[in-house]
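# coordinates for the following, if possible.
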Amino acid sequence: MRLLKEHGGDKYEFHMRETQTYDIIDDVAHLRSEIGILYLNSFNETIIRKTLKDNELTFVTLFKAKPHVFIGKDNPLAKKILSLDDLNPYPRLSYEQGSHNSFYFSEEILSTVDCDKELVVCDRATLFNMLIGLNGYTICSGVISEELNRPNIIAKPLGVDDYMEIGYILPGNLHPSQLTLSYIEILKGLV
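Predicted coordinates:
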């Protein structure tokens, strides 16, 4: 929002795509997007880095985060320190990965952990509504916009030995536009 407020003016046309991991890489590689945001961890790093290299893209780390769980503020889990076992009775929500549904391109960390109740959605609004309505959860970085999602959604630390290295990708052979550089500065300011 800050980028729009600072650079939008009286008239503008920005495209902000929230899409699947493989599509983020493909969009930046084919210059449909100037920048993409994704994460690496010990599970997906080899595959993602190879895909980035094959597409001549660079990955720049913004920060490392411990895994968190997004839950509704009224979820019974809201008042405890969470383990994977605590999550078992609740529905896990995750994002659909389309035709490139390799678990290495999953939007959520720990996506291969067995789960009895799984709900796959294609957009954030549905995920958040189902998360609240079904007392579900999703595993994530813990970064949430308080302005947009508080107080209904909260982030709770998850007691697992893992990490999410959040960063952005850029075409390796092009210099970013001034607008992209401004966006990167805004991203750095959020860390």
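
# any idea which helix is longest in this protein?
Longest helix of the chain, by residue count under DSSP state H: helix 178-190.

# residues in contact with that one?
2-3, 6-7, 34-35, 37, 60, 62, 143, 168, 170, 176 (Cβ atoms under 8 Å, 6 or more residues apart in numbering). In this view, the C-beta of every residue, glycine as well, is placed from N, C-alpha and C.

# what is the nearest of those residues to K156?
V143 (13.2 Å; Cβ to Cβ).

# all helices of the chain, in order?
2-7, 21-29, 45-54, 84-87, 124-133, 146-149, 178-190.

# and among these, the most buried is which?
helix 21-29 (a mean of 20; mean count of other Cβ atoms under 10 Å).

# got the angle for that helix vs helix 45-54?
20 degrees (axes from the mean of the first three to the mean of the last three Cα atoms, to 10 degrees).

# now helix 21-29, how far from the centre of its chain.
For helix 21-29, the separation from the chain centroid amounts to 14 Å (computed by Cα atoms, centre = their mean, to the nearest Å).

# what sits against the closest residue to K117 other than its chain neighbours?
Of all residues not flanking K117 in the chain, P91 sits nearest, at 4.0 Å (Cβ to Cβ, 6 or more residues apart in numbering). The contact partners of P91, by Cβ under 8 Å, 6+ apart, come to 117-119, 130, 134-137.

# recalculate using a threshold of 6 Å.
117, 119, 134, 136 (Cβ atoms under 6 Å, 6 or more residues apart in numbering).

# quick check: domain ranges of this structure?
In terms of domains, the chain is parsed into 2-62+167-190, 67-157 (source: automatic domain parsing).

# using JSON lines, lay out those domains together with mean pLDDT.
Formatted as JSON lines, the domains of the chain follow (pLDDT from 0 to 100):
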{"stretch": "domain 2-62+167-190", "mean pLDDT": "88"}
{"stretch": "domain 67-157", "mean pLDDT": "79"}
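
# give me the number of residues near H175?
9 (other Cβ atoms under 10 Å).

# where's it relative to T58, distance?
Per Cβ to Cβ, to the nearest Å, H175 is found 12 Å from T58.

# E45 too?
Going from E45 to T58 by Cβ to Cβ gives 15 Å.

# again with L52
The value you get for L52 to T58, if Cβ to Cβ is used, is 7 Å.

# do the same with F14
For F14, the distance to T58 (Cβ to Cβ) stands at 23 Å.

# quick one, which of the two is more surrounded?
Between F14 and T58, T58 has the larger neighbour count (other Cβ under 10 Å), namely 14 against 9.
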